[in-house]
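**Q** can you look at this prediction? I've put the sequence above it.
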Amino acid sequence: MNKKDLPDDVRRFILTSVPSVPYLEAILLLRAEPDTAWPIPAVARRLYLAEPVAAQLLQALAGAGIARTEPGAPDVFLYRPASPELAAMLDAVAGAYSANLVQVTDLIHSRVDRRAQQFADAFRWRKDA
(Lines give C-alpha, C1' and ligand atoms only; values in the text may rest on other atoms or scores of the structure.)
Protein backbone atom coordinates (compact mmCIF):
# COMPACT_ATOMS: atom_id res chain seq x y z
CA MET A 1 0.00 0.00 0.00
CA ASN A 2 1.31 3.36 -1.02
CA LYS A 3 1.85 5.78 1.86
CA LYS A 4 -0.33 8.31 0.04
CA ASP A 5 -3.23 6.16 -1.07
CA LEU A 6 -5.88 4.28 0.84
CA PRO A 7 -7.75 1.61 -1.09
CA ASP A 8 -11.20 2.84 -2.12
CA ASP A 9 -13.02 0.15 -0.12
CA VAL A 10 -11.07 1.04 3.03
CA ARG A 11 -11.70 4.75 2.50
CA ARG A 12 -15.42 4.10 1.98
CA PHE A 13 -15.63 1.89 5.09
CA ILE A 14 -13.91 4.51 7.24
CA LEU A 15 -16.16 7.29 5.96
CA THR A 16 -19.36 5.30 6.43
CA SER A 17 -18.60 3.12 9.45
CA VAL A 18 -15.94 4.68 11.68
CA PRO A 19 -17.38 7.63 13.60
CA SER A 20 -14.28 8.47 15.65
CA VAL A 21 -10.65 7.63 16.31
CA PRO A 22 -11.51 6.09 19.72
CA TYR A 23 -14.00 3.82 17.93
CA LEU A 24 -11.23 2.66 15.60
CA GLU A 25 -8.81 2.27 18.51
CA ALA A 26 -11.36 0.07 20.29
CA ILE A 27 -11.66 -2.12 17.18
CA LEU A 28 -7.90 -2.43 16.95
CA LEU A 29 -7.55 -3.25 20.64
CA LEU A 30 -10.09 -6.07 20.49
CA ARG A 31 -8.75 -7.29 17.14
CA ALA A 32 -5.19 -7.49 18.50
CA GLU A 33 -6.31 -10.00 21.14
CA PRO A 34 -9.34 -11.76 19.68
CA ASP A 35 -9.44 -14.47 22.36
CA THR A 36 -9.41 -11.99 25.22
CA ALA A 37 -12.66 -11.18 26.97
CA TRP A 38 -12.52 -7.43 27.58
CA PRO A 39 -14.37 -5.95 30.56
CA ILE A 40 -15.39 -2.32 30.10
CA PRO A 41 -12.97 -1.00 32.78
CA ALA A 42 -10.02 -2.72 31.06
CA VAL A 43 -10.89 -1.16 27.70
CA ALA A 44 -11.33 2.22 29.38
CA ARG A 45 -7.86 1.98 30.95
CA ARG A 46 -6.16 0.81 27.75
CA LEU A 47 -7.73 3.55 25.65
CA TYR A 48 -7.50 6.27 28.33
CA LEU A 49 -11.27 6.79 28.31
CA ALA A 50 -13.91 7.20 30.96
CA GLU A 51 -15.78 3.96 31.58
CA PRO A 52 -19.12 5.28 30.27
CA VAL A 53 -17.41 6.28 27.00
CA ALA A 54 -15.73 2.87 26.71
CA ALA A 55 -19.11 1.21 27.39
CA GLN A 56 -20.73 3.24 24.60
CA LEU A 57 -17.93 2.33 22.19
CA LEU A 58 -18.16 -1.37 22.99
CA GLN A 59 -21.94 -1.35 22.68
CA ALA A 60 -21.60 0.41 19.33
CA LEU A 61 -19.10 -2.24 18.19
CA ALA A 62 -21.53 -4.97 19.25
CA GLY A 63 -24.34 -3.20 17.39
CA ALA A 64 -22.16 -3.02 14.28
CA GLY A 65 -21.40 -6.74 14.38
CA ILE A 66 -17.74 -6.22 15.24
CA ALA A 67 -17.86 -7.47 18.83
CA ARG A 68 -20.25 -9.38 21.04
CA THR A 69 -20.76 -9.72 24.73
CA GLU A 70 -19.45 -12.68 26.64
CA PRO A 71 -22.33 -15.09 27.37
CA GLY A 72 -23.62 -14.36 30.86
CA ALA A 73 -21.46 -11.23 31.18
CA PRO A 74 -23.10 -8.23 29.47
CA ASP A 75 -20.21 -5.90 30.39
CA VAL A 76 -17.50 -8.11 28.86
CA PHE A 77 -16.82 -8.00 25.12
CA LEU A 78 -15.04 -10.19 22.57
CA TYR A 79 -13.87 -9.41 19.04
CA ARG A 80 -16.26 -11.37 16.84
CA PRO A 81 -16.91 -9.87 13.40
CA ALA A 82 -20.30 -10.98 12.12
CA SER A 83 -18.93 -12.21 8.79
CA PRO A 84 -15.65 -13.17 7.14
CA GLU A 85 -16.07 -10.16 4.82
CA LEU A 86 -16.31 -7.78 7.78
CA ALA A 87 -13.28 -9.44 9.39
CA ALA A 88 -11.32 -8.99 6.15
CA MET A 89 -12.34 -5.32 5.94
CA LEU A 90 -11.27 -4.73 9.54
CA ASP A 91 -7.93 -6.37 8.73
CA ALA A 92 -7.55 -4.01 5.78
CA VAL A 93 -8.46 -0.99 7.92
CA ALA A 94 -5.94 -2.08 10.56
CA GLY A 95 -3.27 -2.38 7.87
CA ALA A 96 -4.13 1.04 6.48
CA TYR A 97 -4.02 2.58 9.96
CA SER A 98 -0.61 1.12 10.72
CA ALA A 99 0.80 2.24 7.36
CA ASN A 100 -1.00 5.59 7.09
CA LEU A 101 -1.87 6.73 10.60
CA VAL A 102 -2.12 10.41 9.76
CA GLN A 103 -4.13 9.90 6.58
CA VAL A 104 -6.63 7.59 8.30
CA THR A 105 -7.10 9.89 11.30
CA ASP A 106 -7.43 12.91 8.99
CA LEU A 107 -10.11 11.04 7.05
CA ILE A 108 -12.03 10.26 10.25
CA HIS A 109 -11.70 13.87 11.43
CA SER A 110 -12.80 15.22 8.04
CA ARG A 111 -16.02 13.26 8.43
CA VAL A 112 -16.58 14.71 11.90
CA ASP A 113 -15.65 18.22 10.75
CA ARG A 114 -18.04 17.97 7.80
CA ARG A 115 -20.94 16.95 10.08
CA ALA A 116 -20.13 19.81 12.46
CA GLN A 117 -20.11 22.28 9.57
CA GLN A 118 -23.44 20.98 8.29
CA PHE A 119 -24.91 21.42 11.77
CA ALA A 120 -23.52 24.95 12.04
CA ASP A 121 -24.82 25.80 8.57
CA ALA A 122 -28.32 24.85 9.68
CA PHE A 123 -28.27 27.85 12.03
CA ARG A 124 -26.79 30.34 9.56
CA TRP A 125 -29.07 33.25 8.83
CA ARG A 126 -29.81 33.56 5.17
CA LYS A 127 -31.10 36.66 3.43
CA ASP A 128 -33.64 34.66 1.42
CA ALA A 129 -35.17 33.04 4.52
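**A** Sure, I can see it. Numbering: from 1, shown residues only.

**Q** how far away is the closest residue to Pro81 other than its chain neighbours from Asn100?
**A** Take Pro81 and drop its neighbours on the chain: the residue closest to it by CB to CB, 6 or more residues apart in numbering is Ala87, 3.9 Å away. Every residue, glycine included, has its C-beta placed from N, CA and C. As judged by CB to CB, to the nearest Å, Ala87 and Asn100 stand 20 Å apart.

**Q** neighbour count for the two, which is higher?
**A** Legend: neighbour count by other CB atoms under 10 Å for Ala87 and Asn100, higher for Asn100 (19 against 16).

**Q** quick one: that one from Leu49, how far?
**A** 24 Å.

**Q** using the three-state scheme, assign the residue nearest to Pro81.
**A** helix (DSSP: H, G, I helix; E, B strand; the rest coil).

**Q** show me which positions of the top strand by length along the chain end up buried.
**A** Identified as the longest strand of the chain according to DSSP state E is strand 73-79. Judged by neighbour count (16 or more other CB atoms under 10 Å), strand 73-79 contains these buried residues: 76-79.

**Q** any chance of those in JSON lines, with distance to Ala92 too?
**A** JSON lines is the format used below for these (distance: CB to CB, whole Å):
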{"residue": "Val76", "distance to Ala92": "27"}
{"residue": "Phe77", "distance to Ala92": "22"}
{"residue": "Leu78", "distance to Ala92": "21"}
{"residue": "Tyr79", "distance to Ala92": "15"}
